[in-house]
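> Would you be able to build a 3D model of this:
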Amino acid sequence: HPSKGVSLVSLRMPPKKEVVEERLGPWALGKFSSRLKVGIVGLPNVGKSTLYNCLTNCAIPAENFPFCTIEPNETRVNVPDERFDWLVDKYKPKSIVNPYLEVVDIAGLVKGAAQGAGLGNHFLSNIRAVDGIIHAMRAFEDPDIVHVEDKVDPVRDIEIITAELREKDKEFVGKRLAELMKDKAKANSNAAAKKEWEAEVACCEKIIAYLEDGKEVRRGVGEGDADYWTTKEIVYLNEYSLLTAKPVMYLINLSEADFRRKKNKFLKPIHDWVMAHGGGPMIPYSAAFESEYMHMDDEAKAEYCKEGNVTCALPKIIKTAFNAIHLIYFFTAGPDEVKGWVIRKGYKAPQAAGTIHTDFERGFICAEVMSFDDLKQHGTEAEVKAVGRYRQEGKMYVVQDGDVIFFKFNVTNKK
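Down below sits the predicted model:
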């Protein structure tokens, strides 16, 4: 009150803070599961099956024929990790179970696949079933290996594939929008249903506009596009499992000569295209080199690499693909077994325990955890405990990559 010498200005309420929603990272898109797969995608005759053969040593036909891979081939590939090797060397266990990545070889896509060209719809449904995409790109000339578009041009090839994936996503979301419009009257039956209906309609319209603008859905998370997806929209996107929402990496298949000299005329145009389309890991490799390399003994491999000043690209490819789909692993280690357990990044301790056995999750008490780095530094579990680095974690603990864990559980009190 003025008569009491109180300034009126001091009684004003501070302005409301504008609430800015947190921008979610790429990890937010996709299934929250530990059974995730990557698919090798590309036009016919770019080297997909040769790469797959190298990854798995499986004898899959890789002949010079556009549709030789009709059914998708799946395999589990060991993920190379020096930490795992160190644990095996330390404990010398009776059983060794490596962490793995599931890889699917998907037959070649062609222009017009979204309208059913080639074996289009069949292939696109196989891509929908994987969680990450490895784009295999041909950057080598070879008159004996025909190119489905007659001329080698990896940027044109990736444009064809991404356009087909966008087209299929537009078709899917368009159908969903049509279904929502049919349900408009039912959605108006109560306020909550109407609000949900309006939110999903707006999301579908935004996705279609985004795709028509030539952009892939995944660009709306992390440090990508300025026009990003909200938390609510990401819930819808994960229900739709769109092709262009999947994380991607690019493998550039060079001739062995170009791989050895580390030069190729297509590398810069590919790099420029990838950076203009949301970025992503790019790994040059040579399927011809890897194919030769995998049939050699260890001594010949070492000599072959030294002679050409090159290294096998497969370990890097496997690790990069594993990380791209947001997988990590924790270890259980002892004289009986050393095992790497694959989980989705963000799993809490009970979910991680459930990958060992459902009883571990149902009856979870706590997780006894030490980091791999601490174990390596101090040498034994007893020493890790002595320096206070061995800890008990509860239900809210988010498991970190490389944790060494012992779970305590009790399932006598069934609910």
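> Look at residue 104 and give its secondary structure.
Under the three-state scheme (DSSP: H, G, I helix; E, B strand; the rest coil), residue 104 adopts strand.
> what about the nearest residue to it once chain neighbours are set aside, how many residues close to it?
Distance criterion CB to CB, 6 or more residues apart in numbering; nearest residue to residue 104, sequence neighbours excluded, is residue 39 at 4.3 Å. The way it works is simple: take the backbone N, C-alpha and C, and place the C-beta from them, glycine included. By the measure other CB atoms under 10 Å, the count of residues near residue 39 is 25.
> Figure out how far the helix or strand harbouring residue 39 is from the centre of its chain.
Using DSSP states H and E, residue 39 sits in strand 37-41. Put simply, strand 37-41 sits 9 Å off its chain's centre (CA atoms, centre = their mean, to the nearest Å).
> mean confidence for that strand?
The predicted model assigns strand 37-41 a mean pLDDT of 92.
> in its sheet, what does that strand sit against?
Sheet pairing here is set by DSSP bridges, and for strand 37-41 it gives strand 100-105 (parallel), strand 132-138 (parallel).
> that older thread, ok, what's across the strand from the residue nearest to residue 104?
residue 104, residue 133.
> is it true that it touches residue 106?
Yes - the pair residue 39 / residue 106 is scored as a contact, 4.7 Å apart, by CB atoms under 8 Å.
> how close does residue 52 get to residue 395?
Distance from residue 52 to residue 395, counting by CB to CB, to the nearest Å: 40 Å.
> between those two, who's got more neighbours?
Comparing residue 52 with residue 395 by other CB under 10 Å, the one with more neighbours is residue 52, at 26 against 13.
> wait, doesn't that one sit right on residue 73?
Yes - the criterion here is CB under 8 Å, and residue 52 meets it with residue 73 at 6.6 Å.
> burial of the residue nearest to residue 136 when sequence neighbours are not counted, as a residue count?
Leaving aside its chain neighbours, residue 136 sits nearest to residue 42 (3.7 Å; criterion: CB to CB, 6+ apart). The tally of other residues near residue 42 (other CB under 10 Å) stands at 25.
> Enumerate every residue touching residue 42.
By CB atoms under 8 Å, 6 or more residues apart in numbering, the residues touching residue 42 are 48, 108-109, 135-138, 157, 161.
> And residue 376, how far from residue 187?
According to CB to CB, residue 376 stands 57 Å off from residue 187.
> Quick one: neighbours of residue 126, just the number.
By the criterion of other CB under 10 Å, residue 126 has 18 neighbours.
> That one and residue 81, how far apart?
Residue 126 sits 29 Å away from residue 81 when distances are taken as CB to CB.
> next one: residue 73
25 Å.
> Between the two, which is the more surrounded one?
residue 81 (21 against 18).
> lowest average confidence, helix or strand, in this structure?
Among the helical and strand segments of the chain, the one scoring lowest on mean pLDDT, DSSP states H and E is helix 120-128, with a mean of 73.
> Grab the nearest non-local neighbour of the residue positioned nearest the centre of the chain.
In the chain, the residue lying closest to the centroid (CA atoms, centre = their mean) is residue 325, at 1.7 Å. Nearest non-adjacent residue to residue 325, counting by CB to CB, 6+ apart: residue 132, 3.9 Å away.
> Could you check how many residues crowd around the one you found?
22.
> Show me where the chain has its strands.
Along the chain, the stretches classed as strands by DSSP state E are 37-41, 73-78, 95-97, 100-105, 132-138, 248-253, 282-285, 327-333, 337-344, 364-371, 391-393, 403-409.
> Model confidence for residue 186, exactly?
Per-residue confidence (pLDDT) for residue 186: 84.
> Contact partners for it?
Per CB under 8 Å, 6+ apart, neighbours of residue 186: residue 193.
> Equivalent analysis for residue 80, please.
Per CB under 8 Å, 6+ apart, neighbours of residue 80: 315, 318-319.
> where in the stretch 151-300 of the chain is pLDDT low?
Scanning the stretch 151-300 of the chain for pLDDT under 70 picks out the ranges 222-227.
> likewise the stretch 1-150 of the chain?
1-23, 57-72, 109-123, 144-149.
> Name the residues of stretch 77-91 that come out as buried.
Judged by neighbour count (16 or more other CB atoms under 10 Å), stretch 77-91 contains these buried residues: 77, 79, 81, 83-84, 87.
> Helices - which of those residues land there?
83-84, 87 (DSSP state H).
> Could you dump these into TSV with distance to residue 215 added?
Output for those, formatted as TSV (distance: CB to CB, whole Å):
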residue	distance to residue 215
83	38
84	39
87	43
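> and which of those is nearest residue 345?
residue 83 (16.7 Å; CB to CB).
> which one is the closest one nearest to, not counting chain neighbours?
residue 372 (4.9 Å).
> Contact partners for that neighbour?
83, 87, 331, 402-404.
> which two in those are spaced the farthest apart?
Farthest apart among the contacts of residue 372 by CB to CB are 87 and 403. That separation is 12.2 Å.
> what touches both of those two?
With CB under 8 Å, 6+ apart as the test, residue 87 and residue 403 both reach 331, 372.
> hmm, back to that, kindly reformat the contacts of residue 42 as JSON lines and extend each row with distance to residue 220 and neighbour count.
Shown next, in JSON lines, are the contacts of residue 42 (distance: CB to CB, whole Å; neighbours: other CB atoms under 10 Å):
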{"residue": "48", "distance to residue 220": "28", "neighbour count": "28"}
{"residue": "108", "distance to residue 220": "29", "neighbour count": "24"}
{"residue": "109", "distance to residue 220": "24", "neighbour count": "25"}
{"residue": "135", "distance to residue 220": "19", "neighbour count": "24"}
{"residue": "136", "distance to residue 220": "25", "neighbour count": "28"}
{"residue": "137", "distance to residue 220": "24", "neighbour count": "24"}
{"residue": "138", "distance to residue 220": "29", "neighbour count": "25"}
{"residue": "157", "distance to residue 220": "25", "neighbour count": "24"}
{"residue": "161", "distance to residue 220": "20", "neighbour count": "22"}
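> All good on my end, thank you.
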